[in-house]
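[1] Sharing a model that was predicted from the sequence below.
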Amino acid sequence: MIVGLLVLLGFQLLGEGLRLALHLPLPGPVVGMLLLAAVLAARSAGSPPQGADSGRLDRVAGLLLEHMGLLFVPAGVGLVAELPLLRQEWAPLLGGVLGSTLLGLVTTAAVLHHVSCRRPVAIAQAR
């Protein structure tokens, strides 16, 4: 599990380094996650994973997902600590939450519509 954790932390560090070096507008962990996803996708496209090496990252990811609730405790404490500010600025916060939710739903629907409209054509051409 230590190797899997080091892989995750290494990609996070690499992402942070690239963000600082290239002045990217994305957070370093997001850049690292995109790099990790690209490496895993390229690796799985070449050949199926073999041996114990493929399970190391799976075990660490599973452990982190099992304990995801603990990762939200600091955010909950921060919300309680900033309750007076939240009461004062509730309208812009609510607008931001609702707006971003709507934007996410519309984007997801548009992508799904675009992908689902193209799929029957590809299946028909394969026959």
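    Alright, I've got the coordinates.

[2] List of residues touching stretch 92-112?
    Residues from elsewhere that reach stretch 92-112 (C-beta atoms under 8 Å, 6 or more residues apart in numbering): residue 86. Any C-beta I mention is one placed from the backbone N, CA and C, and that applies to glycine too.

[3] domains for the chain, by residue range?
    1-73, 82-127 (automatic domain parsing).

[4] helices and strands of the chain: which one bottoms out on pLDDT?
    One helix or strand of the chain scores below all others by mean pLDDT, DSSP states H and E: helix 53-66, with a mean of 81.

[5] Run the chain-centre distance for that one.
    Chain-centre distance of helix 53-66: 15 Å, with C-alpha atoms, centre = their mean, to the nearest Å.

[6] Tell me which of the domains of the chain sits most buried.
    Scoring these by mean neighbour count under mean count of other C-beta atoms under 10 Å gives domain 1-73 as the most buried, with a mean of 13.

[7] coming back round to it: need the contact partners of the least confident helix or strand of the chain.
    Helix 53-66 is contacted by residues 1, 3-5, 7-8 when judged by C-beta under 8 Å, 6+ apart.

[8] I'd like those residues as a markdown table, with distance to residue 101 and secondary structure appended.
    Listed next are the contacts of helix 53-66 as a markdown table, based on distance: C-beta to C-beta, whole Å; DSSP: H, G, I helix; E, B strand; the rest coil:
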| residue | distance to residue 101 | secondary structure |
| --- | --- | --- |
| 1 | 36 | coil |
| 3 | 38 | helix |
| 4 | 33 | helix |
| 5 | 33 | helix |
| 7 | 33 | helix |
| 8 | 29 | helix |
